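> Model the structure of this input:
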Amino acid sequence: MSARTSDQPATPRTRTSARFAAASLLALSMMLPLCATASAAEVEQLIADAQVQTETIGDDLERVGTHLPALDAVLRNDVVDATESVQAATDEARTALDHAKDADHAADGRATIALADAQVALDAASAQLRYVTDLAHDAGEGVAVALERLQAHIDELRGETTRASV
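Model prediction:
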């Protein structure tokens, strides 16, 4: 038995994370039918919207970066790790969206695989970002607001990449 499965009660953050994970799975499962019924024009619009979202995330990352010098070293490292994960996932999503626009990649399934991989990366980055945002709130840091904004845009991109999968 691991230390995590011992008699320790669940923390509020753990319960919140579990609820978030359950809500995310429900939201993803509710969007699956859209993928099969979306027209080419709808998918193209979803891809365009998601690409705009990736640019917005880049702006959010810059805003978060302006707060880094004011943070204590441990929180700063956590924020840097989370924002690097967000940047990597956003880059992966951007590449996957480019594949989704390519007819050859869409036809042979490479676009679908790239979008699924990007979705996994976005989900992981979102979870890490949510954790760091909670830490920033607990520390009373102003960076928490910038992290929340980034979180909202990551969640939007997650939804858009899911809907763009065909």
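
> which non-adjacent residue is nearest Thr95?
Ala114 (6.6 Å; CB to CB, 6 or more residues apart in numbering). Heads up, the C-betas are built off the backbone N, CA and C, glycines and all.

> ignore the last one, Val143
His67 (3.7 Å).

> quick one: contacts for that neighbour?
For His67, the contact set (CB atoms under 8 Å, 6 or more residues apart in numbering) comprises 79, 141-143, 146.

> quick one: it and Ala100, what's the gap?
34 Å (CB to CB, to the nearest Å).

> Give me the helices and strands touching the helix or strand containing Ala116, please.
Using DSSP states H and E, Ala116 sits within helix 110-138. Packing contacts for helix 110-138, counted by 3 or more CB pairs under 8 Å, 6 or more residues apart in numbering; DSSP states H and E, involve helix 12-37, helix 73-101, helix 103-108, helix 143-164.

> tell me the mean pLDDT for that helix?
In this model, helix 110-138 has an average pLDDT of 90.

> In this protein, what helix or strand scores lowest on average pLDDT?
helix 12-37 (a mean of 43; mean pLDDT, DSSP states H and E).

> Tell me which residues touch the nearest residue to Asp102 once chain neighbours are set aside, please.
Spatial nearest neighbour of Asp102, chain neighbours left out: Ala111 (6.8 Å); criterion: CB to CB, 6+ apart. When contacts are counted by CB under 8 Å, 6+ apart, Ala111 touches 96, 99-100, 102, 105, 166.
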